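> task: produce atomic coordinates for the following.
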Amino acid sequence: MTNPTKPASGGPNKGQQPKRPVSKGATRAAQSKKIVNQRQTPWGLIIAAIVIVALAVGVVGYAVHQNRSKADYANPAKIPGITHKSFPSGEHKTTVLSYAESPPIGGPHSPIWADCSGTVYPNQIANENAVHDLEHGAVWITYKPGLPSDQLDVLTKLASGQDYTILTPYAGLKTNVSLQAWGYQLFVDKATDSRVKRFIKALRLNQKNTPELGASCSNPAFKTTPSTPGHPTES
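This is a model prediction of the structure:
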């Protein structure tokens, strides 16, 4: 006779222990452990940090490049085609002088400077007076007579009303345009050449290059009656 208290042999539960129900506490513990494991590697924060660092490096690199570019732009030695020569300053002569450079860029000169308060002279003036302007920190822009009017307009706008700048024609100029500062010179074929503005920016009132920085560039009497080549204003 079969024992009613025992399951029949060969049944589906033979040899198996009955499953115990999982407690709520165990479920919560497993979920908490899973969350902790997920938080151990905060990939989102890591990626965000990498992006921020990359952007910061890019910004710093760009700033360094910009500063270097500005420094190069303001450095006359970096202007392609420019020439430089050193001269003693303060040597005044009341005679007609000969210069190795044409136009001259330094050396002895008249004790009287040409008005260089952004003055545009329609005719060539004496070298001796213009060189004195360079000693005061002016940029002297010269052009070949007969320069096309559109190019002359460009030069006029660069010089007119700009203190420590003068513009004059210059006979025998080897190019259409040349620029002079104390000890520096640049020859170009076009007034629109980008080096023209760069020369002016770098060398007008250049603290390292101007022998008499702070000296006046105004001379109303000269502006009214300019000198002519071979006849410098002497007093």
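> this structure: strands as residue ranges?
Using DSSP state E, the strands assigned to the chain run over residues 83-84, 117-120, 139-143, 165-169, 177-181, 184-188.
> which residues touch the third one?
Residues external to strand 139-143 that are found in contact with it (C-beta atoms under 8 Å, 6 or more residues apart in numbering): 103, 116, 130, 133-134, 151-152, 155, 158-159, 164-170, 173, 176-181, 191, 196, 199-200, 203-204. (Each C-beta comes from the backbone N, C-alpha and C, glycine too.)
> would you map out the domains in the chain?
Following automatic domain parsing, one gets these domains for the chain: 45-74, 83-224.
> and the ones you listed, which is most packed in?
Greatest average neighbour count among the domains of the chain goes to domain 83-224 (a mean of 18), per mean count of other C-beta atoms under 10 Å.
> nearest residue to residue 203 other than its sequence neighbours?
Taking C-beta to C-beta, 6 or more residues apart in numbering as the measure, residue 203 lies nearest to residue 181, with 3.7 Å between them; neighbours along the chain are not counted.
> ok, now how distant is the one you found from residue 105?
The span separating residue 181 from residue 105 equals 7 Å under the rule C-beta to C-beta, to the nearest Å.
> what sits in contact with each of the two?
Taking C-beta under 8 Å, 6+ apart as the contact rule, the neighbours common to residue 181 and residue 105 are residue 134.
> if the residue nearest to residue 159 when sequence neighbours are not counted is in a bridge, with which residues?
On the basis of C-beta to C-beta, 6+ apart, the spatially nearest residue to residue 159 that is not a chain neighbour turns out to be residue 167, at 3.8 Å. Following DSSP bridges, residue 167 is listed with bridge partners residue 120, residue 141.
> state the distance from residue 167 to residue 86.
Here the criterion is C-beta to C-beta. By it, residue 167 lies 26 Å from residue 86.
> low pLDDT regions in the chain?
In the predicted model of the chain, residues 1-40, 61-73 satisfy pLDDT under 70.
> which residues in it form helices?
Under the criterion DSSP state H, helices of the chain are mapped to 24-39, 43-73, 127-135, 149-159, 194-203, 220-224.
> where's the third one relative to the chain centroid, distance-wise?
Distance of helix 127-135 from its chain centroid, counting by C-alpha atoms, centre = their mean, to the nearest Å, is 28 Å.
> now do it: everything it contacts.
Under the contact criterion C-beta under 8 Å, 6+ apart, helix 127-135 has outside partners 89-90, 93, 96-97, 99, 103-114, 116, 140, 164, 166, 168, 180-182, 210-212, 215, 217, 222, 227, 229, 232-233.
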